[in-house]
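Novice: What follows is a predicted protein model with its sequence.
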Amino acid sequence: MNTPNNPNESSQIGTGTIIKGKIITKEDIRVDGQVDGTLETNGRLIVGNKGNVTGVLKTKETIVSGKLDVGQLETDKITFKSTSHFKGEIHYKQMTVEPGAVIEGSLNTRK
């Protein structure tokens, strides 16, 4: 995956917003609402404290503070904040887990 064309560009899904379907972006994306479906970004996915993402994800970097319930997540770098709750399967290169994070599922490293 390439890095975003303009690292200052980003998208945000606000609290109270629900999106069902497929999202593809080259930008960073922050989810404080709910996404149910497929999400692909060449940038960073940030799941805020109240964010909830369900589906299949492919990202360059993922930072989770909220809920992530995925069939599969493919990412180069993932950070689980202390408030995060993850359920699913991850394929990753680098992982950071803060104390208090809840992780259920399978973790698979890749080159």
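Specialist: Nice, thanks for sending it over. Numbering: from 1, shown residues only.
Novice: what about Thr25, how many neighbours?
Specialist: Using other CB atoms under 10 Å, Thr25 has 16 other residues around it. Where C-beta positions appear, they are placed from N, C-alpha and C, glycine not excepted.
Novice: Phe80 now?
Specialist: Neighbours around Phe80, by other CB under 10 Å: 23.
Novice: Dump the helix or strand where Lys22 lies to PDB, restricted to CA.
Specialist: Taking DSSP states H and E as the criterion, the element that holds Lys22 is strand 18-25. The C-alpha trace of strand 18-25 is given here as PDB (Å, rounded to 0.1, in the frame of the first residue of the first chain):
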ATOM      1  CA  ILE A  18     -24.000   4.700  10.900                       C
ATOM      2  CA  ILE A  19     -22.500   3.600   7.500                       C
ATOM      3  CA  LYS A  20     -23.200   0.200   6.000                       C
ATOM      4  CA  GLY A  21     -21.400  -0.900   2.900                       C
ATOM      5  CA  LYS A  22     -17.900  -0.400   1.400                       C
ATOM      6  CA  ILE A  23     -15.500   2.500   2.000                       C
ATOM      7  CA  ILE A  24     -12.400   2.900   0.000                       C
ATOM      8  CA  THR A  25     -10.100   5.900   0.600                       C
END
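Novice: What is it packed up against?
Specialist: Judged by 3 or more CB pairs under 8 Å, 6 or more residues apart in numbering; DSSP states H and E, strand 18-25 is in contact with strand 34-41.
Novice: how about the strands in the protein?
Specialist: Remark: strands assigned in the chain by DSSP state E are 10-13, 18-25, 28-31, 34-41, 44-47, 52-64, 67-80, 85-92, 94-97, 102-109.
Novice: hmm, back to that, now do the strand holding Lys22 against strand 34-41, angle only.
Specialist: Per axes from the mean of the first three to the mean of the last three CA atoms, to 10 degrees, the angle that strand 18-25 makes with strand 34-41 is 0 degrees.
Novice: Now tell me what touches strand 18-25 from outside.
Specialist: 11, 13, 29, 33-43 (CB atoms under 8 Å, 6 or more residues apart in numbering).
Novice: okay, the strands of the chain, which one's buried deepest?
Specialist: Comparing these by mean neighbour count (mean count of other CB atoms under 10 Å), strand 44-47 ranks first with a mean of 24.
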